[in-house]
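1. missing the sequence, but the structure's below:
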């Protein structure tokens, strides 16, 4: 039995290290890595958030944790598969066969974003809260990277990317960004809370709204309510 398993292992390794299958196997590994990373990121986050802020039985909470982890892992795996496959197809059948085109990654990301993260639930017709969190996370970092690129000497926009101006803008940009972001979210929470993302709204309600009420020492220090 052990010799059969060893022979199977050797045959499998012979296939996966064969350069002939590298591009297709890269798609498989990308899907695997997406699923593993999704589990690593979402499970501890869902565990803490559900146990701290959700009510219900242990079974209900366990299901919420499992569901959020599954959605995150599966969607990262699906996106990785669509992205890598699209890049592979464009590389071999695009405008310059055998070479990566300058916009291949953009097109592949566009397709993956639309088909994986851009769809509504067939049951509820709503966008998954997990998908919203992932896309918002990506969007925030894209905006930050574009802002840095805009003032990068030799690569950025005219005027603001000149070395002297770039240094000044880079020095003061973060304080302005941080203050405007917090000013905006507090205003929205006060007057248009329903438009905020549910998990953010829940966190802000816990910190800022629930701090207004108590009827004794117990729910002033030890408990929120």
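-> Perfect, I can see it now. All values reported here derive from a predicted model rather than from experimental measurement. Numbers count the residues shown, from 1 in each chain.

2. Pull the distance from the helix or strand of the chain with the lowest mean pLDDT to the chain's centre.
-> Lowest by mean pLDDT, DSSP states H and E among the helices and strands of the chain is helix 2-16, with a mean of 86. Taking the mean of its C-alpha atoms, helix 2-16 sits 36 Å from the chain's own mean (C-alpha atoms, centre = their mean, to the nearest Å).

3. which other helices and strands contact that helix?
-> Helix 2-16 sits against no helix or strand, with contacts defined as 3 or more C-beta pairs under 8 Å, 6 or more residues apart in numbering; DSSP states H and E. C-beta coordinates here come from the backbone N, C-alpha and C atoms, glycine included.

4. And the next helix or strand past it?
-> helix 22-53 (DSSP states H and E).

5. So for that following helix, what gets flagged as buried?
-> For helix 22-53, the neighbour count (16 or more other C-beta atoms under 10 Å) marks 27, 30-31, 34-35, 38-39, 41-43, 45-47, 49-50 as buried.

6. contacting residues for the spatially most central residue of the chain?
-> Nearest residue to the geometric centre of the chain (C-alpha atoms, centre = their mean): residue 134, 3.0 Å. Residue 134 is in contact with 72, 75-76, 117, counting by C-beta atoms under 8 Å, 6 or more residues apart in numbering.

7. okay but residue 165 is in contact with residue 157, surely?
-> No. Under the criterion of C-beta atoms under 8 Å, residue 165 is not in contact with residue 157, lying 10.3 Å apart.

8. what sits in contact with each of these two?
-> residue 151.

9. Can you list the low-confidence ranges for this protein?
-> 1 (pLDDT under 70).

10. in this protein, which spans are helices?
-> Ranges of helices within the chain are 2-16, 22-53, 58-93, 104-112, 129-150, 163-191, 198-204, based on DSSP state H.

11. Let's have those in TSV, adding distance to residue 220.
-> Compiled in TSV, the helices of the chain are given as follows (distance: least, C-beta to C-beta, whole Å):
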stretch	distance to residue 220
helix 2-16	61
helix 22-53	19
helix 58-93	27
helix 104-112	49
helix 129-150	32
helix 163-191	23
helix 198-204	20
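
12. so which of those comes closest to residue 219?
-> helix 22-53 (16.1 Å; C-beta to C-beta).

13. re the thing from before, how far away is the residue nearest to the centre of the chain from residue 166?
-> Counting by C-beta to C-beta, to the nearest Å, the gap from residue 134 to residue 166 is 31 Å.

14. Next up, the contacts around residue 115.
-> 78, 82.

15. Please tell me how far it sits from residue 85.
-> When distance is defined by C-beta to C-beta, residue 115 is 11 Å away from residue 85.

16. before we move on, the earlier item: what's the closest of the helices of the chain to residue 210?
-> helix 198-204 (9.8 Å).

17. Just the buried positions in that closest one, please.
-> Across helix 198-204, burial judged by 16+ other C-beta under 10 Å covers 201, 204.

18. who touches it?
-> 49, 53, 129, 133, 185, 189, 193-194, 196.

19. Cool, thanks, talk later.
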